[in-house]
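**Q** Prediction below, plus the sequence it came from.
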Amino acid sequence: MMQLDDQQSAARTWFEHLRDLICAEFEAIEREAGSDARFDYTPWDRTDPSGAPGGGGVRGVMKGRVFEKVGVNVSTVGGTFEGNFAKTIHGAGEDPSFFATGISLVAHMANPLVPAVHMNTRFLVTTKRWFGGGADLNPPNPIDDDTADFHATLKRACDAHDPGHYDRFKRWADDYFFIPHRGVHRGVGGIFYDHLEGDFDANFAFTQAVGRAFLEAFPRIVRRRMNAGFTAEDEARMLEWRGRYAEFNLVYDRGTLFGLKTGGNIDAILMSLPPRATWS
């Protein structure tokens with residue numbers, strides 16, 4: 001059993017609470033669509049390379065009428081980074097010990113007019129302590145009203161904490177969620193931030209606000225589009241776009257690499273992969 005200090009415990013408790021709120025809302029959407037789909041939760045444990053207990057988490061997955069596949073993973077892990085990987089992590093170059101807790105979510109939707117979405121927020125401790133994460137919308141068939149709604153909700157959350165956050169973190173998301181070999185962005189963006197350190201209380205409050213903003217915006221967009229009619233061409237674009245999404249997550253995504261390098265649960269790490277995709 002890992003011993004957590006007050007900050008680590010508070011962050012873990014929030015991420016687990018946010019998971020419960022999001023999963024309840026997504027299940028409510030399925031019920032509104034006449035589906036009895038529920039999340040299936042699978043706990044997992046991690047052993048640190050040193051042989052000591054290294055924490056673990058719970059992977060939740062639901063496959064329903066609205067959510068073709070949605071995964072929500074909450075993990076709390078710690079131990080020692082192996083080899084040169086420590087040098088790539090903020091504050092771990094000289095001391096490879098670490099603690100990390102966070103929530104990661106990816107939803108692939110049945111209706112191609114409902115955007116897919118990614119959200120992740122986390123708290124890491126090395127020789128430094130910081131928050132990171134964000135949320136980004138990934139529509140295979142973008143609709144301007146949905147994009148504007150998503151960004152406006154995130155901007156309000158940012159502006160309540162720092163008027164410079166939104167512009168800075170939006171640019172960060174645009175730069176990060178880009179597929180170089182395709183020359184395209186992964187979606188229509190959102191916000192992304194990392195290494196937010198210093199004032200724990202302020203940064204924790206902002207990270208909570210990001211989670212609440214996601215919970216406000218995305219279910220509203222889903223309900224707006226989930227019963228819309230779509231064409232075979234819409235679905236074909238969705239399947240092709242999912243292939244690009246998979247390429248990004250397997251080639252460029254830092255969270256995927258972090259999970260693999262720290263001995264995380266493989267199913268939880270790769271839960272972001274879509275259930276169906278095409279490459280043409």
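**A** Right, received. Where do you want to start? Numbers count the residues shown, from 1 in each chain.

**Q** can we go C-alpha only for contacts and neighbour counts from here?
**A** Will do.

**Q** Listing request: residues of this structure with sub-threshold pLDDT.
**A** 1, 51-53 (pLDDT under 70).

**Q** can you give me the strands in it?
**A** Remark: strands assigned in the chain by DSSP state E are 40-47, 53-62, 67-80, 97-109, 116-125, 129-138, 178-179, 184-185, 189-197.

**Q** closest one to Phe248 among the ones you listed?
**A** Comparing the strands of the chain against Phe248 with Cα to Cα, the closest turns out to be strand 178-179 (6.1 Å).

**Q** Can you list the helices and strands that the closest one packs against?
**A** Secondary-structure packing of strand 178-179 (3 or more Cα pairs under 8 Å, 6 or more residues apart in numbering; DSSP states H and E): strand 184-185, helix 232-251.

**Q** Rebuild those as TSV, extending it with distance to Phe81.
**A** What follows is those, written out as TSV (distance: least, Cα to Cα, whole Å):
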stretch	distance to Phe81
strand 184-185	31
helix 232-251	21
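
**Q** Go through the ones you listed and name the closest to Asp6.
**A** helix 232-251 (32.7 Å).

**Q** which parts of the closest one are buried?
**A** Buried residues in helix 232-251, defined by neighbour count with 16 or more other Cα atoms under 10 Å: 235, 237-250.

**Q** cool, and stretch 205-221?
**A** 206-215, 217-218, 221.

**Q** For Gly91, state which of those is nearest.
**A** Distances from Gly91 to the buried residues of stretch 205-221, taken as Cα to Cα, are shortest for Thr207 (20.1 Å).

**Q** so the nearest residue to that closest one once chain neighbours are set aside bridges to which residues?
**A** Beyond its immediate neighbours in the sequence, the residue positioned closest to Thr207 (Cα to Cα, 6 or more residues apart in numbering) is Thr121, lying 6.8 Å away. In this structure, Thr121 has beta-bridge partners Ile103, Gly133, where bridges are defined by DSSP bridges.

**Q** burial measure for Thr121, as a count.
**A** Residue crowding around Thr121 was assessed by other Cα atoms under 10 Å; the count is 24.

**Q** Wait, it touches Ile103, no?
**A** Yes - in this structure Thr121 lies within contact range of Ile103 using Cα atoms under 8 Å: 5.6 Å.

**Q** what's the neighbour count on Trp229?
**A** Residue 229: Gly, not Trp. Taking other Cα under 10 Å as the neighbour definition, Gly229 ends up with a count of 10.

**Q** can you tell me which residues contact it?
**A** Listed by Cα atoms under 8 Å, 6 or more residues apart in numbering, Gly229 has no contact partners.

**Q** now it: how far from Ala277?
**A** Gly229 sits at a distance of 20 Å from Ala277 (criterion: Cα to Cα, to the nearest Å).

**Q** again, but for Asp48
**A** Here the distance between Asp48 and Ala277 works out to 34 Å (Cα to Cα).

**Q** separation between Asn73 and Thr153?
**A** Separation of Asn73 from Thr153 (Cα to Cα): 23 Å.

**Q** So these two - more neighbours on which side?
**A** Per other Cα under 10 Å, whichever of Asn73 and Thr153 has more neighbours is Asn73, with 25 against 18.

**Q** Excluding residues flanking it in the chain, which one is nearest the more buried one?
**A** Nearest residue to Asn73 in three dimensions, chain neighbours excluded: Arg59, at 4.5 Å (Cα to Cα, 6+ apart).

**Q** I figured that neighbour hits Pro43, correct?
**A** Yes - in this structure, Arg59 is within contact of Pro43 by Cα under 8 Å, at 6.2 Å.

**Q** Which of these two has more residues huddled nearby?
**A** Just comparing Arg59 and Pro43: by other Cα under 10 Å the higher neighbour count belongs to Arg59, 24 against 13.

**Q** For the more buried one, give the beta-bridge partners.
**A** When bridges are taken as DSSP bridges, the partners of Arg59 come out as Thr42, Asn73.

**Q** So what's the residue count around His165?
**A** Taking other Cα under 10 Å as the criterion, the count of residues near His165 is 18.

**Q** ok, it to Arg171 distance?
**A** With distances taken as Cα to Cα, His165 is found 10 Å from Arg171.

**Q** ok, Asp95 touching Ile89?
**A** No - the pair Asp95 and Ile89 fails to qualify as a contact (Cα under 8 Å) at a distance of 10.5 Å.

**Q** more neighbours, these two?
**A** Each of Asp95 and Ile89 had its neighbours counted (other Cα under 10 Å), and the higher figure belongs to Ile89 (16 against 13).
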